[in-house]
Each structure stands twice: as structure tokens, then as C-alpha cells.
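Visitor: after the sequence you'll find the predicted model.
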Amino acid sequence: MKTLHSEDAIVQLEALESEFVAEAPQETLWSIYGAPSIEAKLEDMLDTAKKSVLCMAPEQYLDSLRRIAGKGLELSLVIITENKTIKRELEECFHGDNVRVRTLTPAQVASMYTTAKMSNRVSSMPEYREAIAGFDFFNNLILVVDHSEFLYVPPLPGKVYSALHTTSKPLIIGTSLIFGGLQIADLPE
């Protein structure tokens, strides 16, 4: 057995220190589990917003969104709700900000998925419609902050929440483009 002397250990340590260690790529998708962890990430992202916020969320996230009122951000909000007064309330809350607010019912969000122009063949498949019917849009959250950070909570039913977080530019740009269409989409009432 070879004995390592302190001088040898120092030489080996110095050699290790000089080796290149790659950082995690920006495209990494991070999984976040549990409502408290998701809330913490949401709050962190909103607190650090400097320019813009794109958000599609149910009413349960409104208190978090209201906290950023008056920061002078460009806001594009789509709120999933049955409450007809939410749009006016948010426009009043964010009156000093550059804000666009749209409200959609869960049925309108589901309609958006089932009437998508992607392919009549796919959207007419019973399995596709069944899958969409199983979504719980009151669990759905899409958040893009400053076109540099993305948080997504899929509309899965149940009380166990999980989310994806990334700084991947392709995902952020794609989401922003889809979100822009959501703001102007002509959805059935």
C-alpha cells in the first residue's frame, strides 16, 4: 500500500484545482415539488422581476401577483376564473403599470386546447378530448419573468403539485409567442 505524504497530497490537490469543471447548462429543466416550494419560487421570480411578467394562473395566485403592483412592469396576465369582476379589479390594482388582463374560464381554456388548429385529426380523437377533460386548470400556472426565467405548473388534477423551472431561451421564447396568441385569441364564451 502506497503512503501519501503531505507534499504529494498538496501537488495532487493543486492539480485538481486547475482542472476545468463545467457548470450546469442554462437549458437545464429543474423540477420543483410541493405547493410551498412552488410558491417560494413564484415569489422569488416576481420579487426579482425588473421589466416584464407574463402569467397565466388561477385565482389562488392573485395575492402573489398583486404584490408587484406599482413596480412599473409590463404585465400580461391571463387569469383562470369564473369570477367576472377579477379583470376590473386587477386593472385597478395595476393602474400605474403597463398591464393587459384577460380572464378565461376553465371551459374556455379547455376549448382552446380542443379547438386548436394543430390538427383536426388529433383534436377530434376521443383519447385527446378525454385527456383534456382530465386537466384541472385551477392547478395550472405559466410564468415568464423578464423573458429570462420560466415556471410551469401543469394542469394535473389532485393536491400533489410539481413544476418545471428553466432559463432555457427556446422554451421561454416559445411560451411567450403562445402567450401572445392567448391574449388575442377569439375563444367561445
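Guide: Nice, thanks for sending it over. Numbering: from 1, shown residues only.

Visitor: I'd like the next helix or strand past the helix or strand bottoming out on mean pLDDT in the chain.
Guide: Every helix and strand of the chain was ranked by mean pLDDT, DSSP states H and E. The lowest is helix 120-123, at a mean of 58. Moving toward the C-terminus from helix 120-123, the next helix or strand (DSSP states H and E) is helix 126-133.

Visitor: other SSEs contacting that next one?
Guide: With contacts taken as 3 or more Cβ pairs under 8 Å, 6 or more residues apart in numbering; DSSP states H and E, helix 126-133 sits against helix 106-114. Every C-beta, even on glycine, is put in place using the N, C-alpha and C of the backbone.

Visitor: could you point out which element follows the helix or strand containing Ile142?
Guide: Assigned by DSSP H and E, Ile142 falls within strand 141-145. Using DSSP H and E, the helix or strand that follows strand 141-145 in sequence is strand 149-153.

Visitor: am I right that Ile68 is in a strand?
Guide: No: assigned with DSSP: H, G, I helix; E, B strand; the rest coil, Ile68 falls outside any strand and is coil.

Visitor: just want the phi and psi numbers for the nearest residue to it once chain neighbours are set aside.
Guide: Leaving out its chain neighbours, the residue that sits closest to Ile68 by Cβ to Cβ, 6 or more residues apart in numbering is Leu46, at 5.2 Å. Phi and psi for Leu46, reported as degrees, to the nearest 10, are phi -70, psi -40.

Visitor: just for the protein, where's the confidence low?
Guide: 1-6, 9, 13, 15-27, 114-124, 180-189 (pLDDT under 70).

Visitor: pull out the buried positions in stretch 136-146.
Guide: In terms of neighbour count (16 or more other Cβ atoms under 10 Å), stretch 136-146 has its buried residues at Phe137, Phe138, Asn139, Asn140, Leu141, Ile142, Leu143, Val144, Val145, Asp146.

Visitor: let me redo that: stretch 74-82
Guide: By neighbour count on 16+ other Cβ under 10 Å, the buried set for stretch 74-82 is Leu75, Ser76, Leu77, Val78, Ile79, Ile80, Thr81.

Visitor: who's in contact with the fourth one?
Guide: Which is Val78. Residues in contact with Val78, defined by Cβ atoms under 8 Å, 6 or more residues apart in numbering, are Cys55, Met56, Ala57, Val101, Arg102, Thr103, Leu104, Phe179, Leu182, Gln183.
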